[in-house]
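Coordinates only, no sequence provided:
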């Protein structure tokens, strides 16, 4: 049986120890869960396995051969393919061109044979039973979930012996996630070793044969599925116990209506959607991915124009951009879908990102009061438990969870009382998730109105007071109280009376 064996693998960047000492053994045909907090060393470890980084010390041995990979291309030649959390597709090329990039079939004169490339892609998608994505579509027109599927297909097309999936389900819908889990089981049955990295414990339990936990750059344990409870695993990840992932829902009685939308419509993407949010409520937006949720939140945030009415505290409002929404009445602040491209300026400091949306309150005659700004930044970092080396460090240097905290803190500092929260916990570790959920309940108890969209049905069921399920651009059902569950959300999403699921 072929084995991958890591012994005392370590990696430092300057004086920062990303990996201190990792030992791990995995076998061909195994689905190996790799879990840990953001910053635990998972990303560095998989970069080493995929040839993107070299370890400072330690050994990596695959099938009896010690690996010393110079780059990801060499790793692919050795049979190792990775799907990283940060997508690497080229936006202006087609799906087919991205999948076969630098592996295209050329004509005698050296040009790419487009028809052959598209046919080859269709054949690949058919063999994978992949949901329909046209090979001639330009990648920039795809949803985040569709881009993720293309990345996965691209990795599988190399016929890997080792496949690394880093948070590959974070942007996928329920159906797309089911497809990926089925594909993992199929590849494992064919002898492929799969590393499955996810912050969704239920997914890891549903798919992994064996699990390794990383904490602070060290491997702190490997075990067979079923040997440890979720509570024990979380304690291993954090080095401490958390009382519970989902805190008790805020029991503050709903107050006055903060936000009302009447018959919002945006072409075929959003059809006559109406909703109401009261003070103290967390209203969930559910449904299969791509059913109008992005369009609904974008319209409420002023990011796109929509027909219909938006009322804040009973007063009709119209927005031409998100700034108008933030300044309208008690204000609407939006935490967007993609923090890296829509929520942050990655090349700028943590300080600048935290205060960017509230500079008017810190400025006079066009000049920022630096002392006042510093006080605000220090308070936001402390209140939101953002782990930083310095406020002047680039925000891109933070872990995914801490980057998300920066986006949330920036929105809160606008003092808007209506918060639109898009998939807050995507790619965020379990400890940070718990903190975010507690924050949401605290905000609700303080009288904020929250609209929360999540691709994780369990989150919607455990966090929200009500969930509005969308399908085909319409709100098709409202769930609350005893009828609110992840199974009920899924059933309403697909128009079924009852759906049983393990995801």
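Sure thing, it's come through. Predicted, not measured: the structure shown is a model, and the values here were computed from it.

Only C-alpha atoms from now on, for both contacts and neighbour counts.
Fine.

domain assignment for this protein?
What automatic domain parsing lists as the domains of the chain is 3-238, 256-331+416-503, 349-414.

pLDDT-wise, which helix or strand of the protein ranks last?
Averaged element by element with mean pLDDT, DSSP states H and E, the chain has its least confident helix or strand at helix 230-238 (a mean of 82).

list the buried ones in that one?
Buried residues in helix 230-238, counting neighbours by 16 or more other C-alpha atoms under 10 Å, are found at 233-234, 236-238.

Of these, just say which sits nearest to residue 247.
Sorting the buried residues of helix 230-238 by how near they are to residue 247, with C-alpha to C-alpha, puts residue 234 at the top with 15.7 Å.

Now do the SS call for the spatially most central residue of the chain.
The central residue of the chain, meaning the one whose C-alpha is nearest the mean C-alpha position (C-alpha atoms, centre = their mean), is residue 426 at 2.7 Å. Assigned state for residue 426: coil (three-state reduction, DSSP: H, G, I helix; E, B strand; the rest coil).

which ones are touching it?
When contacts are counted by C-alpha atoms under 8 Å, 6 or more residues apart in numbering, residue 426 touches 170-171.

swap the cut-off to 6 Å and go again
Listed by C-alpha atoms under 6 Å, 6 or more residues apart in numbering, the contact partners of residue 426 are residue 170.

how far away is it from residue 304?
Taken as C-alpha to C-alpha, to the nearest Å, the spacing of residue 426 relative to residue 304 amounts to 23 Å.

can you redo the domains of the chain as CSV with distance to residue 337?
As requested, these are exported to CSV (distance: least, C-alpha to C-alpha, whole Å):
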stretch, distance to residue 337
domain 3-238, 9
domain 256-331+416-503, 5
domain 349-414, 11
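
So for residue 247, which of these sits nearest?
Distances from residue 247 to each of those were compared using C-alpha to C-alpha; the shortest belongs to domain 256-331+416-503, at 6.1 Å.

Distance from that closest one to the middle of the chain?
Offset of domain 256-331+416-503 from its chain centre (C-alpha atoms, centre = their mean, to the nearest Å): 17 Å.

same check, this time on stretch 86-96
Stretch 86-96 sits 18 Å away from the centroid of its parent chain (C-alpha atoms, centre = their mean).

quick one: average pLDDT of that stretch?
This predicted structure assigns stretch 86-96 an average pLDDT of 88.

Residues in contact with it: which ones?
Stretch 86-96 is touched from outside by 118, 121, 135-140, with contacts defined as C-alpha under 6 Å, 6+ apart.

before we move on, the earlier item: save the buried residues of helix 230-238 as a markdown table, and put in distance to residue 294 too.
Output for these, formatted as a markdown table (distance: C-alpha to C-alpha, whole Å):
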| residue | distance to residue 294 |
| --- | --- |
| 233 | 34 |
| 234 | 32 |
| 236 | 36 |
| 237 | 33 |
| 238 | 33 |
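
Closest one to residue 197 out of these, please.
Comparing the buried residues of helix 230-238 against residue 197 with C-alpha to C-alpha places residue 237 closest, at 13.3 Å.

Ignoring the adjacent residues along the chain, who's closest to the closest one?
If you skip the residues right next to it in sequence, residue 237 has residue 36 as its closest partner in space, 5.1 Å away by C-alpha to C-alpha, 6 or more residues apart in numbering.

got it, and residue 493?
Counting by C-alpha to C-alpha, 6+ apart, residue 493 lies nearest to residue 287, which is 4.7 Å off, once chain neighbours are set aside.

State the number of residues packed around the one you found.
Here the number of neighbours of residue 287 (other C-alpha atoms under 10 Å) works out to 29.

Quick check: phi and psi on it?
Main-chain dihedrals, residue 287, degrees, to the nearest 10: phi 120, psi 160.

check contacts around it.
Neighbour list for residue 287: 469-470, 493 [criterion: C-alpha under 6 Å, 6+ apart].

Separate out the buried members of those.
Using 16+ other C-alpha under 10 Å as the burial test, the contacts of residue 287 include 469-470, 493 as buried.

give me the low-pLDDT residue ranges for the stretch 1-150 of the chain?
Applying pLDDT under 70 to the stretch 1-150 of the chain flags the ranges 104-113, 131.

What's the separation between residue 253 and residue 279?
Plainly put, residue 253 is 9 Å away from residue 279 if you go by C-alpha to C-alpha.

picking that back up, what's the following helix or strand after the least confident helix or strand of the chain?
Beyond helix 230-238 on the C-terminal side, the first helix or strand identified by DSSP states H and E is strand 257-266.

Tell me the strands beside that next one, with direction?
Within its sheet, strand 257-266 is paired with strand 270-278 (antiparallel), strand 307-312 (antiparallel), according to DSSP bridges.

looking at these, which is closest to residue 295?
Shortest distance between residue 295 and the strands paired with strand 257-266, using C-alpha to C-alpha, is found for strand 270-278: 6.5 Å.

Go through the closest one and flag the buried ones.
By neighbour count, and taking 16+ other C-alpha under 10 Å as the criterion, the buried residues in strand 270-278 are 270-274, 276-278.

related to what we said a few turns ago, in helices, which of the contacts of residue 287 appear?
For the contacts of residue 287, membership in helices holds for residue 493, with DSSP state H as the criterion.

any idea which of the contacts of residue 287 is closest to residue 172?
The nearest member of the contacts of residue 287 to residue 172, counting by C-alpha to C-alpha, is residue 493 at 14.9 Å.

And the closest one, how far from residue 478?
Using C-alpha to C-alpha, one obtains 11 Å as the distance from residue 493 to residue 478.

If you average the pLDDT over stretch 294-305, what comes out?
Averaging the model's pLDDT scores along stretch 294-305 yields 93.

residues in contact with that stretch?
Here stretch 294-305 has contacts from 319-322, 325, using C-alpha under 6 Å, 6+ apart.

quick one: which helix or strand includes residue 435?
With DSSP H and E as the criterion, residue 435 is inside helix 430-445.

Beyond that helix, next helix or strand please.
From helix 430-445 onward toward the C-terminus, using DSSP H and E, the following helix or strand is strand 449-453.

could you give the mean pLDDT of the following helix or strand past that following strand?
Elements were assigned by DSSP H and E; along the chain past strand 449-453, the next helix or strand is helix 457-463. Helix 457-463 carries an average pLDDT of 91.

cool, stretch 166-186 as well?
For stretch 166-186, mean pLDDT rounds to 89.

List the buried residues in that stretch.
Using 16+ other C-alpha under 10 Å, the residues of stretch 166-186 that count as buried are 166-174, 176-181, 183-185.

Filter those residues down to just the ones in strands.
Secondary structure assignment (DSSP state E) places residue 166 from the buried residues of stretch 166-186 within strands.

The stretch 301-450 of the chain: strands as residue ranges?
Applying DSSP state E, counting those that start in this stretch to the stretch 301-450 of the chain gives strands spanning 307-312, 315-317, 332-335, 363-364, 367-368, 418-422, 449-453.

how about TSV for the ones you listed, with mean neighbour count and distance to residue 32 added?
Listed next are the strands of the stretch 301-450 of the chain as TSV, based on neighbours: other C-alpha atoms under 10 Å; distance: least, C-alpha to C-alpha, whole Å:
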stretch	mean neighbour count	distance to residue 32
strand 307-312	18	48
strand 315-317	13	52
strand 332-335	27	33
strand 363-364	12	52
strand 367-368	12	51
strand 418-422	24	30
strand 449-453	26	30
